[in-house]
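Student: Can you look at this prediction? I've put the sequence above it.
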Amino acid sequence: MRVVVTGASGFLGSCIARGLTYAGVSTLRVSRQDIPGFLQVAKYADSPVGDVLIHLAEINNRSRVNQLSVDYEHEASSTLYALLAKGYGKVIYASSSVIYGDGGCTPHIESDPVSPIDTYTRLKLASEQSVLSCGGVVVRLANIYGPGMAAENVLSRILGQLDQNGPIELQDTSPVRDFIWVEDAAEVIINMAIQQAQGLFNVGTGIGTSIGELARMALEEAKQPQRQIVSTQSTAKPSCIVLDITKTKKYLDWQPSVLLNEGLRRLVSRHRGVENK
């Protein structure tokens with residue numbers, strides 16, 4: 001079996017590619033960058049055929065996608081259609097939990113209504129439908145964190161302030177989100193590639209944590225419990241996205257192994273090590 005991973009140089013993609021290789025699976029890392037050990041392509045639609053395609057090569061920053069608007073929407077859709085036409089044995093597509101909307105804190109099951117309210121969520125929903133119609137796998141991902149996460153990740157912003165004085169400043173401390181360690185997310189996607197998986201799956205932890213609580217936990221791990229946490233643009237509107245992962249655990253014999261406090265402990269330790277160099 002050969003697995004093709006687009007966006008394999010990215011945060012999640014690199015973790016998946018390493019895991020597949022470690023498991024002895026023939027893995028083709030595809031990137032638009034010139035990286036040793038990767039297949040460089042001018043555009044991801046040129047990716048070669050394999051038994052399984054794990055398609056991660058999309059911009060996952062919602063604000064940026066919305067700024068790019070219809071031009072990016074057309075580009076991403078065209079790329080996916082071209083890949084689906086190649087005839088992979090299985091296609092696994094990385095979607096997002098934000099497609100459910102953030103109106104309630106009951107953990108979402110896969111059959112819940114979705115809320116495509118902007119370019120980002122419209123693109124995700126349309127791509128999901130295309131992949132599912134071809135018998136593929138769609139993964140609705142919670143907030144992934146871990147070493148190598150993007151600078152705009154809220155946890156990156158928290159960690160970046162640990163070596164400063166004064167309060168931790170965040171845009172809004174009230175939103176509740178589901179945070180999953182990157183290696184746990186990679187593990188279940190690898191399972192999907194290897195096993196007879198098909199359909200729509202949530203990938204998260206099923207546990208909601210507010211941004212304020214996340215910052216407080218990080219401060220506790222950093223031995224800075226006295227520091228304040230403040231919102232710079234707090235809103236009165238409740239915002240909550242948590243995933244029910246019952247189906248994923250049942251059908252893929254998987255469950256997340258790194259709890260949030262352990263993940264934060266690792267990241268704070270890593271951050272301190274980098275700062276001390």
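Tutor: Alright, I've got the coordinates.
Student: Report the spatially nearest residue to P107, omitting neighbours in sequence.
Tutor: Excluding the flanking residues, the one nearest P107 by CB to CB, 6 or more residues apart in numbering is D244, at 3.9 Å. For the C-beta atoms, the positions are set from N, CA and C on the backbone; glycine is no exception.
Student: That neighbour: neighbour count?
Tutor: 17 (other CB atoms under 10 Å).
Student: how many neighbours does V52 have?
Tutor: With other CB under 10 Å as criterion, V52 counts 22.
Student: got a list of contacts for whichever strand or helix holds I189?
Tutor: Assessed by DSSP states H and E, I189 sits inside helix 182-194. Residues from elsewhere that reach helix 182-194, judged by CB atoms under 8 Å, 6 or more residues apart in numbering: 1, 3, 11-12, 15-16, 18-20, 23, 25, 52, 54, 90, 92, 94, 137, 139, 141, 144-149, 197, 201, 203, 205, 248, 252-254, 256-258.
Student: what about that helix, average pLDDT?
Tutor: Mean per-residue pLDDT for helix 182-194: 98.
Student: Now do the contacts for the residue nearest to P107.
Tutor: Going by CB under 8 Å, 6+ apart, D244 touches 107-109, 202, 206.
Student: Please report the distance of Y93 from L264.
Tutor: 29 Å (CB to CB, to the nearest Å).
Student: same check, this time on Y72
Tutor: For Y72 relative to L264 (CB to CB), the value is 33 Å.
Student: In terms of packing, which of the two has more residues around it?
Tutor: Per other CB under 10 Å, whichever of Y72 and L264 has more neighbours is L264, with 24 against 18.
Student: Just to be sure, that one is in a helix?
Tutor: Yes. Counting by DSSP: H, G, I helix; E, B strand; the rest coil, L264 is found in a helix.
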